[in-house]
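Colleague: The sequence and its predicted three-dimensional model are supplied below.
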Amino acid sequence: MVSKQYAYIHHPPSPEKLYKTAFHINFGEVDASGKATITSLSNYLQEAAWQHAMQYQAGYREMYKNNTAFVIHKMLLKLRCLPSWNDYIIVETWLRPPQQLHALREFTIRDAKLNLIAAASIQYLAINTQTRKIEQFPTVMETAYLNAEFLDEEPANISIAKNNYSNTIHKVRPSDLDLNQHANNGKYLQWVFDYMPFETNCQKHLCCVKINYKHEARLNDELNLFFIEKNNLIKIHGFNQTAGKTSFTAELKYKCLPEKN
């Protein structure tokens with residue numbers, strides 16, 4: 001007799017097109033303001049996406065066996081506010097039908113009272129882990145597609161000017177790597193905020209994050225991070241000196257915080 005606890009092994013539940021999961025904001029996932037970091041939010045989205053894909057037998061391990069992996073190409077994240085330490089958030093996600101070789105995954109982030117605090121749209125590609133070439137989306141995901149959009153725009157290419165930059169260098173460390181042996185998607189955002197002036201995030205409200213992932217970064221690669229700021233918009237160009245290619249481009253949009261009385 002199989003216990004109810006393990007009955008799903010023989011009778012798996014039907015996968016849902018709309019996937020919902022909750023996360024607790026831990027102490028190590030907030031910054032000096034007590035708010036969750038953008039890297040933490042990015043990791044929550046990535047984890048929710050993997051959990052949903054696992055329902056369709058397209059999780060990391062299943063993909064790895066077939067020499068395939070999902071990679072993020074572009075991300076758009078819009079913020080009303082950031083959750084605080086010890087808060088609970090609810091992430092809901094669904095996968096839209098592929099367009100040519102990429103597919104968009106939509107996300108909403110709500111607080112414990114179901115108030116919308118953020119939303120995101122992420123463009124995914126499927127690649128062959130041996131040849132690094134783009135492949136068609138796995139057929140096992142076909143029943144997952146939900147043709148519904150949430151944001152009024154999609155992730156787009158980020159244009160980067162070539163002058164008036166401030167420059168810093170980051171060398172990829174072991175702690176930057178993920179299971180695919182390259183820098184994790186969230187680490188690129190961490191680098192951006194680590195090398196920005198600390199006062200920027202204290203004095204302004206971040207309302208939009210955009211990032212394009214161009215070329216993977218590996219252990220010991222050296223990246224030039226070029227920053228250009230105009231009004232409340234900051235653009236970042238991450239150039240991989242070691243590979244001689246652009247690794248990523250990013251854009252941060254801020255609003256000035258009201259002065260305290």
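Modeller: Yes, it's here.
Colleague: Could you look up the SS state of the residue nearest the centre of the chain?
Modeller: By CA atoms, centre = their mean, the chain has its centre lying nearest to Ser42, at 4.0 Å. The three-state label given to Ser42 by DSSP: H, G, I helix; E, B strand; the rest coil is helix.
Colleague: Chain neighbours aside, what residue packs nearest to it?
Modeller: Among residues not flanking Ser42 along the chain, Gly186 sits closest, at 4.2 Å (CB to CB, 6 or more residues apart in numbering). In short, each C-beta sits where N, CA and C put it, glycine included.
Colleague: By neighbour count, which bits of the helix or strand hosting the one you found are buried? Give me those.
Modeller: Assigned by DSSP states H and E, Gly186 belongs to helix 185-195. Buried positions in helix 185-195, judged by neighbour count with 16 or more other CB atoms under 10 Å: 185-193.
Colleague: Just the C-alphas of it, formatted as PDB.
Modeller: Extracted C-alpha coordinates of helix 185-195, given in PDB (Å, rounded to 0.1, in the frame of the first residue of the first chain):
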ATOM      1  CA  ASN A 185      21.700  35.500 -14.600                       C
ATOM      2  CA  GLY A 186      21.200  37.200 -11.300                       C
ATOM      3  CA  LYS A 187      24.900  37.900 -10.800                       C
ATOM      4  CA  TYR A 188      25.000  40.300 -13.700                       C
ATOM      5  CA  LEU A 189      22.400  42.500 -11.900                       C
ATOM      6  CA  GLN A 190      24.400  42.100  -8.700                       C
ATOM      7  CA  TRP A 191      27.500  43.400 -10.400                       C
ATOM      8  CA  VAL A 192      25.600  46.400 -11.700                       C
ATOM      9  CA  PHE A 193      24.300  47.400  -8.200                       C
ATOM     10  CA  ASP A 194      27.600  46.600  -6.500                       C
ATOM     11  CA  TYR A 195      29.600  49.000  -8.700                       C
END
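Colleague: Report pLDDT for the residue nearest to Ser42.
Modeller: With respect to pLDDT, Gly186 scores 94.
Colleague: looking at it, it is touching Tyr44, isn't it?
Modeller: No. In this structure Gly186 lies outside contact range of Tyr44 using CB atoms under 8 Å: 9.6 Å.
Colleague: how about the strands in the stretch 1-150 of the chain?
Modeller: 19-24, 68-79, 88-95, 102-111, 116-128, 134-135 (DSSP state E, counting those that start in this stretch).
Colleague: got any ranges where the stretch 151-261 of the chain has weak pLDDT?
Modeller: Filtered on pLDDT under 70, the stretch 151-261 of the chain yields the residue ranges 164, 257-261.
Colleague: before we move on, the earlier item: quick one, what contacts the residue nearest to the centre of the chain?
Modeller: 75, 77, 185-186, 189 (CB atoms under 8 Å, 6 or more residues apart in numbering).
Colleague: and if you look at Glu154?
Modeller: Glu154 neighbours (CB under 8 Å, 6+ apart): 76, 104, 121, 123.
Colleague: Just the element for it, please.
Modeller: With DSSP H and E as the test, Glu154 turns up in no helix or strand.
Colleague: re the thing from before, pLDDT value on the residue nearest to the centre of the chain, please?
Modeller: pLDDT at Ser42 comes out at 96.
Colleague: wait, which of the contacts of Ser42 is closest to Asn115?
Modeller: Leu77 (17.0 Å; CB to CB).
Colleague: ok, now which ones touch the closest one?
Modeller: Residues in contact with Leu77 (CB under 8 Å, 6+ apart) are 38, 41-42, 118-120, 208-210.
Colleague: cool, Glu92 as well?
Modeller: Counted by CB under 8 Å, 6+ apart, Glu92 has contacts 18-20, 107-108, 110.
Colleague: From the residues you listed, keep the buried residues only.
Modeller: 19, 107-108, 110.
Colleague: Just the closest of those to Leu225, please.
Modeller: Looking at the buried ones among the contacts of Glu92 and their distance to Leu225, the nearest is Phe107, at 26.3 Å (CB to CB).
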